[in-house]
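S.K.: sharing a model prediction with you, sequence too.
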Amino acid sequence: MAHALESTRSPGRRAPSPLPATGGSGPRDTPGKATYRPEVQGLRAFAVLMVVVYHVWLGRVSGGVDVFLLVSAFLLTASFTRKVEAGGPLRLGSYWLHRFKGLLPAAVVVLLAVLAATASLLPRSRWPDIFTQTWSSLFYTQNWTLAAESVDYYAADHSTASPLQHFWSLSIQGQVFILWPLIFAACAFAWRGLRRLRPGLSYRTVLAVAFGAVFAASLAYSVHATATNQAFAYFDTRARLWEFALGSLLALAVPLAARLPAAARVALGWTGLTAMLACGIVLQVQAQFPGYIALWPTLAAGAIIAAGDTGGRRGVDRLLAAPPLVRLGGISYALYLWHWPILVIYLAVKGEAEAGPIGGLAVIALSLALAWATTKAIETPFHAWRWPAERRRRLGLVVAVMVGLVAAPLSGWQARVAAYEEAAQAQAPGDNPGAHALRPGFEFDGDPAAVVRPLTSRVSDEWANYGGDCTGEYALTDPRMEFCQMGGDPATATRTVVVLGDSHGQHWTPALAVAAERNGWAWVLVNRPACRFGAESAERKAECNDFNEAATRYVLDAKPDAVLTVASLTANHGGPDGTAPADHERVVPGYLAGVRPFLDAGLQVVGMRDTPRFDRNIVECVDLRGPEDAECTRPVDEVMAPVSPLRELRERIERGELPRSLSFFDMTDQLCPDGTCRPVIGNVLAFMDESHLTKTYVETTAPVFEQRFRAAAGW
């Protein structure tokens, strides 16, 4: 997404002839003089089309973004190299202000449009993330925000993605636009000093050494980081610097490519274009970028640029220099800015995971129209505006005003949301009774106008992170186990309970914590996301089987008074044969074999029935439709088996086939009162997504949870 108005003039390209050349002398290196390269604009056009088409219809990585990164460094290096070789001052402060004065106008327009669409079309539950990402996008740190959140850039369902997620690459570019000039300046300083020792040393040689070192170090880091933590590496600037360094090395090497015969450069150009277009089709690059596999699209683009002006009709430059592609390349920056938020908001409003043929065409058409309008009405006038260029203070003022155009309304909106959240927090407990409202004879005596708590805009705070890190004999020592929390002191507690499994066990810890505090118990949570506890099974990922094996040894060594597990597994979708989700609830695979070592060791094992699952993000449904809408509720017999799959295990216990130290209890009626699973109960939001419970609601179930747990454990 190199800035669309960034010059496509660089050393190593003669001005295009009005008639096709018959020979083909190739690019000429003219230090200090910029020469126009229309095929680079055409290359941008192909790259942005790859990004847009793959996002809208294929949901895969195309390599187009990597091409943009390389091209932006190529042009940047060509510009600064000319300036230094011509003896001109670098004036980095003015350069940075000019650069962001060119980048910000279109970005500000898109950010304001996204904020407006968020307020009117997207659920409140998305607002906090969009607030954070707007700030990150405005100040070019979006990639680090997404890296910290380990966002899945390859997620198939774009309807739940952030409409600003695509600013990650622009943020990396913005950071490089600050870093690269510092490298140019440092190399210029070193070059002037080294010339005293080696008069024939060229500035380009110094640059080649510097960028060669950056390329090697960054690529090595990228390969390692991609292999160990790909979700983070994808957005990590350090793992992307080699792509920019490759573009810089290419700019320095273009004069050498000019020495190749015209026929060789024709073949080089077409090979590069074919490889670039085939990248996302031939390679399954998900979970592999930005490691060594990203050399494919970047080297392909490099081959196209190195081919240069082949001087004949057969070269790929003739295709790329075609006026339609050059014009499309001119709006590529704005097109990239617009296409993603339009796609995400379209899918969110339609409630669909994919755009489809017709919807995709509409998204692309609207993106093209807005990109053209933004370029012509905003970018081009700002680029041609001479008043700010006359003084640095004016440039700084213009940049500050553009930042303020987003910062002012965003700050005001956040302040209003914060005030609303504070007012909700100040409500009396009786306004939000939660599960207490399910007690026989309950009468609501709160404020009828009280809002539902927690607010959907604060639902991200509702994960059940109770207690502190595990210490003492409960400290983790096996690397296969990474997460452990505990409450109370097992050394002085009357009883100790270990909660074992995944997040569906974790979200009940608020109720357990209340019960433990009342009774002097201690509790320990050992879990791994999406790893329901049971014996080794082919249905689980290898890391889950490893975790369960390690967790079994951990519990046997600790010898708690009870082990609490989730013993059944619900589903949120039916089968292809038309069966309902309720038909697919079952006992956890390998459950009995998994708890058998605990039973043999004389430990009490208590199994809970799983939580019902919705087939959509229920918080967004509540925001957009209201809690009583039929789309936001589900009949319990549609999502839960009419007879609990744990009933058969209870009967086996009664027949003496299983030890009585194994027992079960069920909290379904606290989530699905009167036969209907509801997102809001007693004016409290019970679910925070498709199947996880809010800690606020779970706390209100504590009396019932304690009663049923004690009965099951025989305490």
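M.R.: Received, thanks.

S.K.: in the stretch 401-550 of the chain, what residue spans correspond to helices?
M.R.: Assigned by DSSP state H, counting those that start in this stretch, the helices in the stretch 401-550 of the chain fall at 503-506, 509-519, 542-558.

S.K.: Provide a list of residues in contact with residue 288.
M.R.: Listed by Cβ atoms under 8 Å, 6 or more residues apart in numbering, the contact set of residue 288 reads 226, 230. (Each C-beta comes from the backbone N, C-alpha and C, glycine too.)

S.K.: swap the cut-off to 10 Å and go again
M.R.: Neighbour list for residue 288: 61, 226, 227, 230, 234, 294 [criterion: Cβ atoms under 10 Å, 6 or more residues apart in numbering].

S.K.: now do the SS call for it.
M.R.: Put simply, residue 288 is coil when judged by DSSP: H, G, I helix; E, B strand; the rest coil.

S.K.: and it, how far from residue 228?
M.R.: 13 Å (Cβ to Cβ, to the nearest Å).

S.K.: then residue 499?
M.R.: 29 Å.

S.K.: just want to know which of those two has more residues nearby.
M.R.: Applying other Cβ atoms under 10 Å to residue 499 and residue 228 shows that residue 499 carries more neighbours, namely 25 against 9.

S.K.: wait, isn't the more buried one in contact with residue 522?
M.R.: No: in this structure, residue 499 is not within contact of residue 522 by Cβ atoms under 10 Å, at 11.6 Å.

S.K.: need the overlap of contacts for those two.
M.R.: With Cβ under 10 Å, 6+ apart, residue 499 and residue 522 have common neighbours 486, 560.

S.K.: ramachandran angles for residue 569?
M.R.: The main-chain torsion angles of residue 569 are listed as degrees, to the nearest 10 and equal phi -140, psi 110.

S.K.: what do you get for residue 687?
M.R.: phi -110, psi 140.

S.K.: and it, what does it touch?
M.R.: Applying Cβ under 10 Å, 6+ apart, the residues near residue 687 are 459, 462, 507, 611-614, 617-619, 621-622, 632, 671, 677-681, 693-694, 697.

S.K.: out of those, which are inside helices?
M.R.: Under the assignment DSSP state H, the contacts of residue 687 contribute 618, 619, 621, 622, 697 to helices.

S.K.: among the residues you listed, name the buried ones.
M.R.: Buried by 16 or more other Cβ atoms under 10 Å: 618, 619, 621, 622, 697, out of the ones in helices among the contacts of residue 687.

S.K.: residue 243: which of the residues you listed is nearest?
M.R.: Nearest to residue 243, judged by Cβ to Cβ, of those is residue 619 at 37.8 Å.

S.K.: I'd say the closest one and residue 125 touch.
M.R.: Yes: applying Cβ under 10 Å, one finds residue 619 in contact with residue 125, separated by 4.6 Å.

S.K.: now do the shared contacts for the two.
M.R.: The contact lists of residue 619 and residue 125 share 456, 457, 459, 460, 685, 688, 689, where a contact means Cβ under 10 Å, 6+ apart.

S.K.: of the residues you listed, which pair is most distant in space?
M.R.: Most distant of the shared contacts of residue 619 and residue 125, by Cβ to Cβ, are 457 and 689, 14.5 Å apart.

S.K.: between those two, which has more neighbouring residues?
M.R.: Using other Cβ under 10 Å, the more surrounded residue of residue 457 and residue 689 is residue 457, with 22 against 18.
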